[in-house]
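In: Sequence plus the predicted model coming up.
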Amino acid sequence: MQITILQNSDESFYQAIEEALGWANSLYVGVAYASYGAFNFLKSRFESFLRSNGKLRALFDIEEFITEKKLIEELATIPGDSECKVFIKPKNSHPFLRGHYHPKFYLFYNDEYYRVIIGSSNFTLGGIKYNIECNLSIYGQQDHLFFEFYNFFSELWSAEYAINVLNHGDLLDAYQQVFTKNVKETESKNKRLQRLRKKIQTKADHIIKSKKDILNEEFAYLLGLISGNSKIDFRKRKVVIDLQRGLANKGKEYEGYYYNPDISDYKISQYDAHKKDVDRITENVSLLIKHLGTNDRLSTNHAGGYHFQIILEFDKNSVILKELKTLDIPISKSKVAAFVPKSILESNDKKLIGSFIKGYCDLRSRISVGDGIYSNVNGKRVYSLLRMGISFPHNADELLDDFQILLKKIGLEEGVHVTDPSRRSRENLIRIDVRNVPYELLGTHWRRIFLKDFVQYMIRKSQKNNPNSA
């Protein structure tokens with residue numbers, strides 16, 4: 001184990017971050033305050049980390065109105081396996097969650113080694129480069145101390161007062177309004193901050209309360225997964241969600257990769273991509289179990305090749321199981337036929353609808369040149385349109401209609417094309433121009449990277465054809 005002091009005076013602090021981003025495959029950042037300037041200073045390192053399939057989780061305070069909205073949005077939407085949450089001071093008196101959220105914590109690790117940095121530095125430009133700061137770095141092979149650090153962050157990350165901002169833009173908008181106001185005004189600061197905090201607390205309380213209701217965004221996401229590809233056995237109290245996309249053990253080695261060199265330099269194997277999908281899906285479903293306080297068990301299984309399974313086994317008193325039994329889920333020999341629940345179809349809650357669509361898309365969507373339109377120029381494919389495809393059974397006309405209704409309800413109409421079921425003998429597709437696809441439908445990091453690269457390809461092509469549009 002190596003223990004060192006990191007300071008800004010000798011630039012050892014930010015250099016330690018740069019070095020760790022080169023070998024780690026996961027980074028957990030838990031700091032009170034953060035600025036876009038700090039991220040921008042290390043932006044190329046973070047982008048390389050994410051494009052190398054690194055995993056980034058960041059948790060910031062927003063109640064002191066110091067963390068910048070621009071950074072929160074950047075880490076929530078940057079292509080790659082990145083998520084950002086904000087922490088709201090809880091009202092309860094749980095000893096672990098008492099007081100303001102105020103850590104300065106950076107945990108880098110891979111399958112064998114870890115580096116943890118704890119001390120005084122927030123993730124601001126001053127904190128990582130200019131201020132007088134003192135931080136302790138611990139580096140070594142994973143040991144009991146690593147798991148204590150890991151569990152510390154995991155407990156905060158999964159707390160109900162840690163809110164994922166991607167689907168709650170209204171919370172960030174409210175934050176930005178009071179953030180700007182706080183910057184411009186200085187008089188009666190403490191009184192005003194207390195009043196403004198209540199606005200955020202009210203919205204946060206509403207979000208947290210909604211998670212206690214069974215028909216919440218997390219449950220809607222589970223319904224999307226179940227609709228996408230699953231088997232249910234109510235007698236055994238068990239749901240098996242299958243992720244089996246792509247070529248499934250066929251063909252040559254290069255066919256086992258998502259790789260489109262004419263458009264993107266990003267490359268990932270189907271195995272690694274689907275394993276990442278399973279990790280993300282499992283993480284999302286586990287939040288539902290935790291927030292509802294059930295004793296349900298969640299596990300995964302590699303069935304072989306590119307086929308993975310997420311297995312949910314219910315406690316006999318599970319409220320999730322009870323709710324699923326009340327739904328009219330079409331099941332034949334335990335296999336679920338794709339469906340849209342009536343409660344989702346009739347809802348006007350965009351977050352609820354979006355979560356259901358996202359669950360379905362996490363199993364049934366793809367970003368592939370196979371869904372593009374191209375012409376051959378000098379033996380090379382030149383694409384005039386690149387699309388995301390959402391797959392549906394070939395004999396499910398009503399399902400196609402229902403999904404179009406859902407997409408319209410979340411404001412997604414432009415660039416949407418639906419195949420004609422009468423002319424298809426296999427799957428039907430809803431194809432969406434990549435320039436119109438919202439990030440929240442692409443929770444898995446590798447598809448988000450492809451989405452950005454495909455969009456950039458279309459922009460470059462448009463600028464080449466129309467120089468004046470640049």
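Out: Cool, got the structure.

In: quick one: average pLDDT of stretch 261-269?
Out: Computed over stretch 261-269, the mean pLDDT rounds to 87.

In: what's the next secondary structure element after the helix or strand bottoming out on mean pLDDT in the chain?
Out: Here the helix or strand of the chain ranked lowest by mean pLDDT, DSSP states H and E is helix 189-212, holding a mean of 74. Moving toward the C-terminus from helix 189-212, the next helix or strand (DSSP states H and E) is helix 217-228.

In: Report all helices and strands that that following helix contacts.
Out: Under the contact criterion of 3 or more C-beta pairs under 8 Å, 6 or more residues apart in numbering; DSSP states H and E, helix 217-228 touches helix 189-212, strand 238-243, helix 270-292, helix 319-326, helix 350-364. In short, each C-beta sits where N, CA and C put it, glycine included.

In: Could you single out the most deeply buried of these?
Out: Most buried of the helices and strands packed on helix 217-228 by mean neighbour count (mean count of other C-beta atoms under 10 Å) is helix 350-364; its value is a mean of 24.

In: now the angle from that one to helix 189-212?
Out: Between the axes of helix 350-364 and helix 189-212, defined by axes from the mean of the first three to the mean of the last three C-alpha atoms, to 10 degrees, the angle is 60 degrees.

In: Quick one: mean pLDDT for the helix or strand that helix 350-364 is followed by?
Out: Of the helices and strands lying after helix 350-364 in sequence (DSSP H and E), the nearest is strand 365-367. Averaging pLDDT along strand 365-367 gives 86.

In: Dump the helices and strands packed on helix 217-228 into JSON lines; add distance to P261 as well.
Out: Putting the helices and strands packed on helix 217-228 into JSON lines (distance: least, C-beta to C-beta, whole Å) gives the following:
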{"stretch": "helix 189-212", "distance to P261": "42"}
{"stretch": "strand 238-243", "distance to P261": "26"}
{"stretch": "helix 270-292", "distance to P261": "17"}
{"stretch": "helix 319-326", "distance to P261": "44"}
{"stretch": "helix 350-364", "distance to P261": "25"}
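
In: which one of these lies closest to F179?
Out: With respect to F179, and counting by C-beta to C-beta, the nearest of the helices and strands packed on helix 217-228 is helix 189-212 at 9.1 Å.

In: Show me what the closest one is packed against.
Out: Helix 189-212 packs on strand 162-164, helix 169-184, helix 217-228, helix 270-292, going by 3+ C-beta pairs under 8 Å, 6+ apart.

In: Centre of the chain to that helix, how far?
Out: Relative to its chain's centre, helix 189-212 lies at 24 Å (C-alpha atoms, centre = their mean, to the nearest Å).

In: what about dumping the CA coordinates of it to PDB?
Out: Extracted as PDB, the C-alpha positions of helix 189-212 are listed here (Å, rounded to 0.1, in the frame of the first residue of the first chain):
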ATOM      1  CA  LYS A 189     -28.000  35.800   1.800                       C
ATOM      2  CA  ASN A 190     -28.700  33.300   4.600                       C
ATOM      3  CA  LYS A 191     -32.400  34.100   4.800                       C
ATOM      4  CA  ARG A 192     -32.800  34.000   1.000                       C
ATOM      5  CA  LEU A 193     -30.900  30.700   0.700                       C
ATOM      6  CA  GLN A 194     -33.100  29.100   3.400                       C
ATOM      7  CA  ARG A 195     -36.200  30.200   1.500                       C
ATOM      8  CA  LEU A 196     -34.900  29.000  -1.900                       C
ATOM      9  CA  ARG A 197     -33.800  25.700  -0.500                       C
ATOM     10  CA  LYS A 198     -37.400  25.000   0.400                       C
ATOM     11  CA  LYS A 199     -38.300  25.100  -3.300                       C
ATOM     12  CA  ILE A 200     -35.800  22.400  -4.200                       C
ATOM     13  CA  GLN A 201     -36.700  20.400  -1.100                       C
ATOM     14  CA  THR A 202     -40.400  20.500  -2.100                       C
ATOM     15  CA  LYS A 203     -39.600  19.200  -5.600                       C
ATOM     16  CA  ALA A 204     -37.200  16.600  -4.100                       C
ATOM     17  CA  ASP A 205     -39.800  15.500  -1.600                       C
ATOM     18  CA  HIS A 206     -42.200  15.000  -4.500                       C
ATOM     19  CA  ILE A 207     -39.700  12.900  -6.400                       C
ATOM     20  CA  ILE A 208     -38.900  10.800  -3.300                       C
ATOM     21  CA  LYS A 209     -42.600  10.300  -2.500                       C
ATOM     22  CA  SER A 210     -43.300   9.200  -6.100                       C
ATOM     23  CA  LYS A 211     -40.700   6.500  -5.700                       C
ATOM     24  CA  LYS A 212     -42.700   5.100  -2.800                       C
END
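
In: related to what we said a few turns ago, nearest approach to F146 belongs to which of the helices and strands packed on helix 189-212?
Out: Closest approach to F146 among the helices and strands packed on helix 189-212 is made by helix 270-292 (18.9 Å; C-beta to C-beta).

In: quick one, the closest one and strand 238-243 angle?
Out: Interaxial angle, helix 270-292 versus strand 238-243 (the same axes, to 10 degrees): 140 degrees.

In: Show the subsequent helix or strand relative to helix 270-292.
Out: Beyond helix 270-292 on the C-terminal side, the first helix or strand identified by DSSP H and E is strand 297-304.

In: Partner strands of that following strand and their direction?
Out: If you go by DSSP bridges, strand 297-304 pairs up with strand 307-313 (antiparallel).
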